Structure formats: structure tokens, C-alpha cells
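>>> this one's structure only:
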């Protein structure tokens, strides 16, 4: 009877660990409960059947549990639970051959202190060097960064 209890504790501990990894990631009650149940099964084996049975149970828990978790996540059901999408978006970088310091353009929207500007027929992110610049104001490029230009109003 005790062997069935030990096997049930091991099974329930592995199920709780699978729930921890698949459904509720992080350190939650399922993970803590799974580890406690696996520890209880090892303790029960040592206490009831002696050192050899306890070592066999501990070895089974320490070897079989990670293998079963890995096998689960490599199965078809496990692969459905794992997020495998990749981010394909990118930030538009400014071509340094098109825009140079000293180029002139116009603000498309209000720069407060950042907004859209049009320089050399390219619309991009611009940042006012000081304060705010209203819409449709002539600007001059002060500095070209990778993703935006620093601009100042033309007086």
C-alpha cells in the first residue's frame, strides 16, 4: 500500500511541475507543491523501506522527473504550449547618405520635443534641440542619429 502512495506522490509531483512550467510559469503554489510532493515521496521511501529504497526513489525522482518534463515539451502537445514566434519588426534607421547636418526641411507635426519631420523627401522622427517647434515650421538638421535627427528652427 505504501508503494502505491509513494508512486502516487511522485506522479502528482510531476503533474504539478508540468502545470508550473506550462500553465502558470513562475514560482507558484503548483511548483512548490510539486517539489514538496516529490520530497515527501523520497522521505516516505527512506522512512518506510530503508536506505536502499530511499536512494532508488531519490535517483528515480532526480533522473526521471526532468526527463519526463523534457519529453512532454518535445511532444506535440508540449510544443503547442511553447511560444515560438519571433519578432520581425525593425526600427527604421536613417541612411546617413541621405540626411546630413545642415540640411533643411519642415516639421510634419508639432515637435514637443519629438515628432515627425520631412527632410529631403524623407519623413522621419525628429527631436527639437530646445523647446517646442510648431507644425509646418522650417527646420535645419543639427545632428543625425541612427533613428532620429536633432533639429532647430530656422529663424
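Sure, I can see it. The shown structure was predicted, so the numbers you read here are calculated from the model rather than taken from an experiment.
>>> Please count neighbours and contacts with C-alpha atoms only from this point.
Fine.
>>> packing partners for the lowest-mean-pLDDT helix or strand in the chain?
None of the helices or strands of the chain scores lower by mean pLDDT, DSSP states H and E than helix 76-81, at a mean of 78. Contacts defined by 3 or more Cα pairs under 8 Å, 6 or more residues apart in numbering; DSSP states H and E place helix 76-81 against helix 51-74.
>>> could you redo the last one with a cut-off of 6 Å?
Packing contacts for helix 76-81, counted by 3 or more Cα pairs under 6 Å, 6 or more residues apart in numbering; DSSP states H and E, involve no helix or strand.
>>> can you pull the buried residues of it?
Buried residues in helix 76-81, counted by 16 or more other Cα atoms under 10 Å: none are found.
>>> Likewise for stretch 127-141?
Those would be 127-129, 132-134, 137-141, for stretch 127-141 by 16+ other Cα under 10 Å.
>>> How about residue 24, nearest residue that isn't a chain neighbour?
In space, and not counting its chain neighbours, residue 24 is closest to residue 30: 7.9 Å by Cα to Cα, 6 or more residues apart in numbering.
>>> Now do the strand or helix carrying that neighbour: which elements does it pack against?
Under the criterion of DSSP states H and E, residue 30 resides in helix 29-49. Judged by 3+ Cα pairs under 6 Å, 6+ apart, the packing partners of helix 29-49 are helix 2-22, helix 51-74.
>>> Tell me how far it lies from the chain's centre.
Centroid separation for helix 29-49 versus its chain: 32 Å, with Cα atoms, centre = their mean, to the nearest Å.
>>> Over to stretch 45-52?
For stretch 45-52, the distance to the chain centre is 43 Å (Cα atoms, centre = their mean).
>>> Next, the buried residues of that stretch.
Those would be 45-46, for stretch 45-52 by 16+ other Cα under 10 Å.
>>> what's the answer for stretch 85-103, then?
94, 99-100.
>>> contacts for it?
140-143, 146-147 (Cα atoms under 6 Å, 6 or more residues apart in numbering).
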